[in-house]
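Student: Need coordinates for the below:
(chains A and B)
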Amino acid sequence: MQKLTIALAGQPNVGKSSLINAISSSRLKVGNFSGVTVEKTEVTFKWCDDISCSEYDMHIIDLPGAYSLSDYTIEEKVTKSFIQSEEYDLIVNVVDATNLQRNLLFTAELLESGKKVVVALNMIDEAQKEGIKIDEKILSEILGAPCIKTSATDHTGIDALKNAIVEVYKKDQYVSKLKYSDHIEEEIGKIVNFFEEKRYKNDIPYRILAIRLLQEESETYKMMHDDPIWIELLPLIRSSLEHIYIHSDSKDIEQIFKDEHFAFAKGAKMEAMEISSMRAKNLTQKIDNILINKFLGIPIFLFFMWGLFQLTFTLGAIPVDIIDEFFASIGEAAKGVFGEGTLGSLIGDGIVPGVGAVVMFLPNIIILFIGIALLETTGYMSRVAFLLDGFFHRFGLHGKSFIPLVTGFGCSVPAYMAARTLKNERERLITLFIIGFMSCGARLPVYVLFVGAFFSQEHAGSILFFIYISGALFGLVAAKVLKTFVFRGENEPFVMEMPKYRLPSLRLIWHTVYSQAKSYLKKAGTFILAASMLIWFASNYPKNETLAQEYQVKIEQATSEQIALEFENEFNKISLENSYLGKTGYVLEPFFEPLGFDWRMSIAIATGLAAKEVVVSTMGVLYSLGGDVTENNQGLMQMIKKEIPFASAISFIVFVMIYLPCLAASMVFVREAGSWKYLVYLFLFTTVTAWIMSFIVYRVVLAL
Amino acid sequence: MLLSELKKGEEGVIKKINASKSFKNRLSSMGIVVKEIVKLKEYSLAKSTIEVKVSESYVALRLKEAALIEVEKL
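Tutor: As a prediction, the model looks like this:
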């Protein structure tokens, strides 16, 4: 049994993921490339070729889509460094048969790497429909690498591709047939001759070595610099370069070779490809006439988004209630099993509700991710970016920022994850930083509570809308500020391919959504488990046994249930005041005093860091109404209206609107931003902004 | 004239690209290189972004970046 390691490389939108799914029915292993948040998909399977049945253990690594071996995007960097420095046996280059010329440009770069290459002419069925005929024999001849026609949709050529892989693997030495212009070939020949005369010993074939020297590749220069042959080689290279410069009318050697690749790709296409029937317009063009139409494009897009959010938050709400009830009953059951003691309370009041709150979002997340996966794999996302880039660019954002930002109105967790579609680091970070300003669903209870307490019924709706809109506008301003002062620097140019519209396979969508949902549950789940235990501990300890006994007696002696409940609430209030959490509230009070918050509001803000839903329940406990309160609780509204001054209430709303969404979101933020330091920045940025804005609002309202 | 000055449906041959090296490489990996024919397919509403066709590819560019590309109208 032999083990083959295969690097699957190709430009974006060539159907690599579909092909890997077609090649093997084995389960894909999904992870990250070390050190970066770029997804790495791997698959291992056995293959027995027809000629000799020695089994092969094939291990395919799907490299991120790259237009060229450059450092332009994170994905391209990963692909480039893998191709150049990792250990593998051969490259399978997936090529879009309907866009041969541009794809062969990348093939030329891969051939230059000196590795063995097999070319998969993918989506050949589509090419045939478009009247494109490719002679794969001629193309194989020109490239010096076998070209296999493949299609993931109808499984064309999948076995042939596997056979070709084994065949190429068995060949020992391998030099690609990538040919340059005569004047460059002449210089390569001179250097190769020199090596032959000298009988120079090296693992790299002479031709490849000569090309790398002419390309002024620093690694090769470093390697050969200390070799005695260098003294004689140097003048030779110098004169060769001079000749090339004269012929090319340029001294930019990188550009000269780029032009060579281009000429090669174009030449190869001309030789091997033929368009038999010129179809006036393909389907994509027809669809685009409507979807990116100047006037219709944006309304249609808004309609799609509206539909997606309707689905996410209405369809998603159905299982949410069930999950909620399910966890509530588990919590009760846990208390039943473990008793009302410490263990029962830890599990029933701490762990189960905490973890439940995370699992509860899963249906919304799955629906939203199916929607986003559809937008992406069909190619519509690029159109959205095209339509909206003009507006968002003014605020230092990208057209694609729209999706995560709108998602943020639902929940920040999937919103942070949706920001992955942004390829530019700086634009992604700005987007991540302002997602929190889009008020998420969990903040709604807080708003409803306060707006209901302080404004009349008929105004409540407009006030609520105003809160959401001002949050969003504030976010855009914040983006502009971040862009101007923090994430400065030249604007990244905007060049983006508009891929053909394609129907994605169900398996691919399922795979994407499944792996995202799994990672959400795993990461947010394990962390929330620890965090909910911590918060449970902070709000329950230190225990005051004498006080507990005192109230136990009082409650037992109460004449009516009403009085007993009041005693219980009073006890809860005193316990909370004396817990670590309560003490924290008193420590925080001076900090929040200029904003008009008392210690209870300060605690509510602090617990709100865990989750915004907690703000309402904390206030319920603190204003002595027991823990089971909802935003519609008339009693709590009355109490708040009585106890909290109007200006403080407004200032409180502003603070809740701006500061960190919740713990789960913060953890996801760290993962998506790529570093803990960004969470510190985000915390400082949002808290300071929230403080300043609340302070201003508080003073203004007081002065009115 | 500049690529940004083409009207919808017009075609031009690329004459010169006045961009930084990395951006020029990006354009060339997208198939936008000297001597190729580009066709302007669509403008966005605010005219800040354009879609062009080059060879078999459709590429979106900001108008600002399109102004770095010199073309000769066909």
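Student: Now do the same contact list for A:Ala419.
Tutor: Residues near A:Ala419 by Cβ atoms under 8 Å, 6 or more residues apart in numbering or on different chains: A:401, A:404, A:428, A:431-432, A:435, A:672. Where you see a C-beta, it was placed from the backbone N, CA and C, and this is true even at glycine.
Student: residues contacting the residue of chain B found nearest chain A?
Tutor: Residue of chain B nearest chain A, by Cβ to the nearest Cβ: B:Ser48 (3.2 Å). Residues near B:Ser48 by Cβ under 8 Å, 6+ apart: A:389-390, A:393, B:62-63.
Student: Could you work out the end-to-end span of stretch A:480-488 for me?
Tutor: Taking Cα to Cα, to the nearest Å, stretch A:480-488 runs 10 Å from one end to the other.
Student: Over to stretch A:498-510?
Tutor: End-to-end distance (Cα to Cα), stretch A:498-510: 24 Å.
Student: my read is A:Ser68 is in a helix, agree?
Tutor: No - counting by DSSP: H, G, I helix; E, B strand; the rest coil, A:Ser68 is not part of a helix but coil.
Student: State the distance from it to B:Glu36.
Tutor: 16 Å (Cβ to Cβ, to the nearest Å).
Student: can you tell if the helix or strand bottoming out on mean pLDDT in chain B touches chain A?
Tutor: Sorting the helices and strands of chain B by mean pLDDT, DSSP states H and E puts helix B:21-29 at the bottom, at a mean of 86. Yes - interface with chain A: helix B:21-29 contributes B:21-29 (Cβ under 8 Å from any Cβ of the partner chain).
Student: can I get the contacts of B:Ser48 in CSV with secondary structure, neighbour count and pLDDT?
Tutor: Formatted as CSV, the contacts of B:Ser48 follow (DSSP: H, G, I helix; E, B strand; the rest coil; neighbours: other Cβ atoms under 10 Å in any protein chain shown; pLDDT from 0 to 100):
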residue, secondary structure, neighbour count, pLDDT
A:Asp389, helix, 25, 87
A:Gly390, helix, 18, 85
A:His393, helix, 20, 86
B:Arg62, strand, 20, 91
B:Leu63, helix, 19, 91
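Student: For the closest residue to chain B within the stretch 251-400 of chain A, list the residues it contacts.
Tutor: Of the stretch 251-400 of chain A, the residue with the smallest distance to chain B, taken as Cβ to the nearest Cβ, is A:Gly390 at 3.2 Å. Shown in contact with A:Gly390 (Cβ under 8 Å, 6+ apart): A:399, B:44-49.
Student: same thing but at 10 Å, please
Tutor: When contacts are counted by Cβ atoms under 10 Å, 6 or more residues apart in numbering or on different chains, A:Gly390 touches A:399, B:43-49, B:62-63.
Student: Generate a ChimeraX selection restricted to the buried subset of these.
Tutor: Listed next is the ChimeraX selection for buried residues among the contacts of A:Gly390, using 16 or more other Cβ atoms under 10 Å in any protein chain shown:
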select /A:399 /B:43,44,48,49,62,63
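Student: Out of the contacts of A:Gly390, which comes closest to A:Leu209?
Tutor: Nearest to A:Leu209, judged by Cβ to Cβ, of the contacts of A:Gly390 is B:Arg62 at 41.5 Å.
Student: Which one of the contacts of A:Ala419 is nearest to chain B?
Tutor: Distances from chain B to the contacts of A:Ala419, taken by Cβ to the nearest Cβ, are shortest for A:Ser401, at 14.3 Å.
Student: If we ignore the residues flanking it in sequence, what's nearest the closest one?
Tutor: Spatial nearest neighbour of A:Ser401, excluding adjacent residues (Cβ to Cβ, 6 or more residues apart in numbering or on different chains): A:Thr431 at 4.5 Å.
Student: Show the pLDDT at that neighbour.
Tutor: As predicted, A:Thr431 sits at a pLDDT of 93.
Student: try the one 5 residues further on
Tutor: Per-residue confidence at A:Gly436 stands at 91 (pLDDT).
Student: Skipping its backbone neighbours, what lies nearest it in space?
Tutor: Per Cβ to Cβ, 6+ apart, closest to A:Gly436 is A:Pro661, 5.0 Å.
Student: was I right about that neighbour contacting A:Leu609?
Tutor: Yes - counting by Cβ atoms under 10 Å, A:Pro661 touches A:Leu609, with 9.2 Å between them.
Student: Kindly report the residues of the stretch 51-200 of chain A close to chain B.
Tutor: The stretch 51-200 of chain A has residues A:66-73, A:76, A:96, A:98-103, A:105-106, A:109, A:130, A:132 near chain B, with proximity defined as Cβ under 10 Å from any Cβ of the partner chain.
Student: Can you classify residue 12 by secondary structure?
Tutor: No chain specified, so I'll use chain A. Applying three-state DSSP: A:Pro12 is coil.
Student: To clarify, I was referring to chain B.
Tutor: strand.
Student: Run through the residues that contact residue 18.
Tutor: No chain specified, so I'll use chain A. Contacts of A:Ser18 (Cβ under 10 Å, 6+ apart): A:94, A:122-123, A:151-153, A:377, A:502, A:504-505, A:507-508.
Student: not quite, I wanted chain B
Tutor: B:2, B:24, B:67-70.
Student: Can I get the buried part of these as one ChimeraX selection?
Tutor: Those of those that count as buried under 16+ other Cβ under 10 Å are selected in ChimeraX with:
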select /B:24,68,69,70
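Student: Tell me which of the contacts of B:Asn18 has the lowest pLDDT.
Tutor: Ranking those by pLDDT, B:Lys24 lands last with 87.
Student: Skip the chain neighbours and tell me the closest residue to that one.
Tutor: Closest to B:Lys24 by Cβ to Cβ, 6+ apart is B:Ile17, at 5.5 Å.
Student: count of neighbours near the one you found?
Tutor: B:Ile17 has 17 neighbours, counted by other Cβ atoms under 10 Å in any protein chain shown.
Student: you'd agree it is up against B:Leu3?
Tutor: Yes - contact status for B:Ile17 versus B:Leu3: in contact at 9.4 Å, counting by Cβ under 10 Å.
Student: Report the set of residues contacting both of the two.
Tutor: Joint contacts of B:Ile17 and B:Leu3 (Cβ under 10 Å, 6+ apart) are B:32, B:68-71.
Student: filter the contacts of A:Ser18 to the buried ones?
Tutor: A:94, A:122-123, A:151-152, A:377, A:502, A:504-505, A:508.
Student: between those, which is nearest chain B?
Tutor: Each of these was scored against chain B by Cβ to the nearest Cβ, and A:Met123 proved nearest at 12.2 Å.
Student: ok, now which ones touch A:Phe652?
Tutor: A:446, A:450, A:592, A:595-597, A:601, A:604-605, A:615, A:619, A:640, A:644, A:694, A:697-698.
Student: So A:Val118: helix, strand or coil?
Tutor: Classified using three-state DSSP, A:Val118 is strand.
Student: Quick one: residues contacting it.
Tutor: Neighbours of A:Val118 in contact, by Cβ under 10 Å, 6+ apart: A:6, A:90-94, A:140, A:145-148, A:161-169.
Student: domain assignment for chain A?
Tutor: As recorded under automatic domain parsing, the domains making up chain A are A:2-170, A:182-275, A:542-663+A:675-703.
Student: Quickly compare those domains and say which is most buried.
Tutor: domain A:2-170 (a mean of 19; mean count of other Cβ atoms under 10 Å in any protein chain shown).
Student: what about that one, start to end distance?
Tutor: Domain A:2-170: ends 11 Å apart by Cα to Cα.
Student: centre of the chain versus it, how much separation?
Tutor: Put simply, domain A:2-170 sits 24 Å off its chain's centre (Cα atoms, centre = their mean, to the nearest Å).
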